[in-house]
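Engineer: Build me a model:
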Amino acid sequence: MPPKKLATLWEAPPHTIAKIAILERYLQAWFPIFGRVKGRFDLLYVDGFAGPGAYTNHPVGSPVVALQAASKALTASGTEWTAGNVHCAFFEPDAARFAHLTQQVESFPEHPRLRTHLRQSSFVDGITALKQQMPQAFSGLWTLFVFINPFGATGAPFSTVADILSSPRSEMLINFDADAVARIFMAGNRASHEPLLNDIFGDDSWKTAFAGANSFHDRCRIALALYTNRLRSLNNVRYVFSFEMSKTGSTPDYFLIFASQHPRGLEKMKEAMRKMDQTGEYRFLDAHVGRPMLFRFDSPEDFAPKLHQHFAGQIVTYADARDFALNETPFVNPKSMLKFLEFQDRIEVQSTDPRRRKGTFKEDVIVSITFESEVSDG
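Structural biologist: Got it, this is the predicted structure:
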């Protein structure tokens, strides 16, 4: 996170560049997918904390990669594009940064289906204005994606986040500064912590959550877990995945949280993460409370026990296992973990295909999966 007082342009730290790369890879999938959805409804992408659009050491910021991904999708899709127009909205409150952002956006090549909306405002004021200008985007008619990347822990109230995610066609990527949240809590009344934390979490559940924290590290983990659970408590938000990104060989840099109402969105986000992981520059860690576990995208044996423990003694559907895999593991589906468990004879699979081979999980033929009960030490 950059210092409070910044020049118009500043040097982007490595994690910022990596974050832009993940966003870019995701949008390169997001625009083409929803551009081919029938109905001719528009798409809206929102960058709630857009910044100047560039850095001293990196030529493109998140607004530019969004415009590039949208333009490329529109051009490449040709007649296969069945959606309406693409709207890209950018909010930035600082006057100098907004002026630089405006230059970046206005110099971008025009496309007849690409609309840009620039607003010198806070995130909350920008969303309020957009809801009045294009209510269809927040009612479920349009597809909506919002990137929330504040400087610190404040500026994106949970009430606004919940309102955006109430749309059945909305998704969100949030840069969550658990470090800053923990510092606000520790500062207490000196930081007017109660109203700030109530704003961040949408209620005062943080009071109980932080009660058992013994260290700064614990408070960071608890803050992340609480925020993730608050997202999961929202109606229709079934897919919430938080991960920790760390420069190889160093301490964690930051947390990203993805929230969606459909499994495909989370599948594509994890694919974007996997590509980033393969560069060798960063590693992904389990962002749950407790000691983080390195996410290995090719090691189902690391996470199969976790899957089994969750469903031990139950008969579940394939969709149940898929949702757990999406929300709790690095994988986009549970197939590799189920294969591992079946060859260990720890699950029994009922299928409509009499010729099904052991260890294969074609979704439309799986009737149920029975997980054996956990063996008691006693």
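Engineer: And the helices in this structure, which stretches?
Structural biologist: Ranges of helices within the chain are 14-35, 62-77, 95-106, 123-133, 136-139, 158-165, 178-187, 193-201, 205-210, 216-232, 263-277, 300-311, 318-328, 335-343, based on DSSP state H.
Engineer: so the third one versus helix 62-77, what angle?
Structural biologist: Our comparison of helix 95-106 with helix 62-77, counting by axes from the mean of the first three to the mean of the last three C-alpha atoms, to 10 degrees, yields an angle of 10 degrees.
Engineer: need the least confident one among the helices of the chain, by mean pLDDT.
Structural biologist: Lowest mean pLDDT within the helices of the chain: helix 263-277, a mean of 85.
Engineer: Show me the residue sitting in the middle of this protein in space.
Structural biologist: Residue closest to the mean C-alpha point of the chain, counted by C-alpha atoms, centre = their mean, is Phe258 at 1.6 Å.
Engineer: and that one, what pLDDT?
Structural biologist: 95.
Engineer: Could I get the contacting residues of it?
Structural biologist: Glu171, Met172, Leu173, Ile174, Tyr239, Val240, Phe241, Ser242, Gly265, Leu266, Met269 (C-beta atoms under 8 Å, 6 or more residues apart in numbering). The way it works is simple: take the backbone N, C-alpha and C, and place the C-beta from them, glycine included.
Engineer: Likewise for Val240?
Structural biologist: Thr228, Leu231, Arg232, Ile257, Phe258, Ala259, Ser260, Asn327.
Engineer: what do you get for Asn236?
Structural biologist: Leu165, Ser166, Pro168, Gln261.
Engineer: And Asp353, by the same measure?
Structural biologist: Lys362, Val365.
Engineer: my guess is Arg169 contacts Gly140, does it?
Structural biologist: Yes - the pair Arg169 / Gly140 is scored as a contact, 5.3 Å apart, by C-beta atoms under 8 Å.
Engineer: More neighbours: which of those two?
Structural biologist: Arg169 (21 against 15; other C-beta atoms under 10 Å).
Engineer: How about the more buried one: what's its closest non-neighbour residue?
Structural biologist: The spatially closest residue to Arg169, leaving aside those adjacent along the chain, is Thr143, at 4.8 Å (C-beta to C-beta, 6 or more residues apart in numbering).
Engineer: My guess is Ile308 contacts Glu342. True?
Structural biologist: Not Ile; residue 308 is His. No - His308 is not in contact with Glu342 according to C-beta under 8 Å; the separation is 10.8 Å.
Engineer: that older thread, I'd like the contacts of Val240 as JSON lines, with distance to Glu194 appended.
Structural biologist: Output for the contacts of Val240, formatted as JSON lines (distance: C-beta to C-beta, whole Å):
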{"residue": "Thr228", "distance to Glu194": "22"}
{"residue": "Leu231", "distance to Glu194": "21"}
{"residue": "Arg232", "distance to Glu194": "24"}
{"residue": "Ile257", "distance to Glu194": "23"}
{"residue": "Phe258", "distance to Glu194": "29"}
{"residue": "Ala259", "distance to Glu194": "25"}
{"residue": "Ser260", "distance to Glu194": "31"}
{"residue": "Asn327", "distance to Glu194": "31"}
